[in-house]
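Visitor: Need a 3D model of the following:
(one chain, ligands or ions: 1)
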Amino acid sequence: MVQTSSQRESIKNRLREIGTILWSPDAIDLERSARQSLKREERNLLLEYAENLEQVEASKCPICGETVRITMDLGGLHGPWWWKRSPVDFPADMACEHYLFYQGAINFGDRIPTEVTETVIAGPGAPFIIERVLGLPDVRAVVSQLQTELQDRIFLTTYFSPTALAPMQLHQFWLREKLPIPNEDGDVEFTEAFFDPWEFNLAPWFESKKLFWIQPDDATQTLSSSTPNFFSDVSATLMRQVLGAGAIELREAPFGQKNTMYERP
Ligand SMILES: [Zn+2]
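Guide: Numbering: from 1, shown residues only. Presented below is the predicted three-dimensional model:
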């Protein structure tokens, strides 16, 4: 059962209340049983929120034509789906075997996303591609637009390949800092953070038919590579938007630096 916006809102509000109690300086005075009960409630709310998130028709595979349905929360950036610190597992996206991952950008226009309660790494304000991946033979990608209920424009770039790629050839998903890398048995062995530069000059990629776009609100999801495209008018930051405490902080975009964040085996 998909939640209504108001059901999702009430879960988010209660999660915020619980977070405020548990993280306040007075939390030390809470009885152990009260603390445990709040944590249990928080866990249950997170599970309910995640299980009932919408699977949005977000892209389309250029190889087989199947629609990609991505588990998302378009209700505003205060939902746990947006958080850098992923507190719960979300249902898998529904897509064909060619689907690899998606990256994204978000354009707030004049709006300041004051609803944000936890850190969100939102990417830049305009669509981009990751050349290391799209440059691989036969890999293709699609730029599509979604809109949050607060009218922010999300630009997703979804990657596809007709053949399986090694996990280290991929990239972490939008909003996430790292990609779990499985071993041959499928168990997560370590996590990797990729810092590939963002390429915003998309014209050559459209021309070479490696990259396509879908007109927003096109129910048929027709893939196009002609110009102009629907985001030709976008003027936005190309820096990394990090959101938190009701403000947008602009940080340096990735430039191919090495991953120094995590120990590797
Ligand atoms: Zn496919």
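
Visitor: what kind of secondary structure is Lys258 in?
Guide: Put simply, Lys258 is coil when judged by DSSP: H, G, I helix; E, B strand; the rest coil.

Visitor: How about the contacts made by it?
Guide: Residues near Lys258 by CB atoms under 8 Å, 6 or more residues apart in numbering: Phe195. The way it works is simple: take the backbone N, C-alpha and C, and place the C-beta from them, glycine included.

Visitor: What spatial separation is found between the most centrally placed residue in the chain and Gln151?
Guide: Using CA atoms, centre = their mean, the residue of the chain that lies closest to the mean C-alpha position is Trp174, 3.3 Å off. Using CB to CB, to the nearest Å, Trp174 is found at 19 Å from Gln151.

Visitor: before we move on, what about Phe90?
Guide: To Gln151, Phe90 is 24 Å away according to CB to CB.

Visitor: Those two - which one has more neighbours?
Guide: Using other CB atoms under 10 Å as the criterion, Phe90 and Gln151 rank with Phe90 on top: 16 against 10.

Visitor: about what we covered before: the residue nearest to the centre of the chain contacts Leu156, correct?
Guide: Yes. Using CB atoms under 8 Å, Trp174 is in contact with Leu156, at 7.1 Å.

Visitor: overlap in contacts of these two?
Guide: The contact sets of Trp174 and Leu156 overlap at 102-104 (CB under 8 Å, 6+ apart).

Visitor: would you list every one of the helices in the stretch 101-250 of the chain?
Guide: 131-134, 203-207 (DSSP state H, counting those that start in this stretch).

Visitor: Run through who's touching the last one.
Guide: Put plainly, it is helix 203-207. Contacts for helix 203-207 (CB under 8 Å, 6+ apart): 129, 134, 141, 199, 211-213, 225-227, 229.

Visitor: Using CSV, list the CA coordinates for it.
Guide: Presented in CSV, the C-alpha positions along helix 203-207 are these (Å, rounded to 0.1, in the frame of the first residue of the first chain):
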residue,chain,number,x,y,z
ALA,A,203,26.1,17.9,-26.3
PRO,A,204,28.8,15.5,-27.6
TRP,A,205,27.3,12.6,-25.6
PHE,A,206,23.8,13.3,-27.2
GLU,A,207,25.4,13.5,-30.6
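
Visitor: List the buried residues in it.
Guide: 205-206 (16 or more other CB atoms under 10 Å).

Visitor: cool, and stretch 149-161?
Guide: Buried, per 16+ other CB under 10 Å, within stretch 149-161: 152-161.

Visitor: Break down the stretch 151-265 of the chain into its strands, ranges please.
Guide: Using DSSP state E, counting those that start in this stretch, the strands of the stretch 151-265 of the chain run over residues 153-160, 179-182, 188-192, 211-214, 223-224, 240-244, 247-251.

Visitor: who does the longest one touch, helix- and strand-wise?
Guide: Taking 3 or more CB pairs under 8 Å, 6 or more residues apart in numbering; DSSP states H and E as contact, the helices and strands that strand 153-160 lies on are strand 54-60, strand 99-107, strand 140-147.
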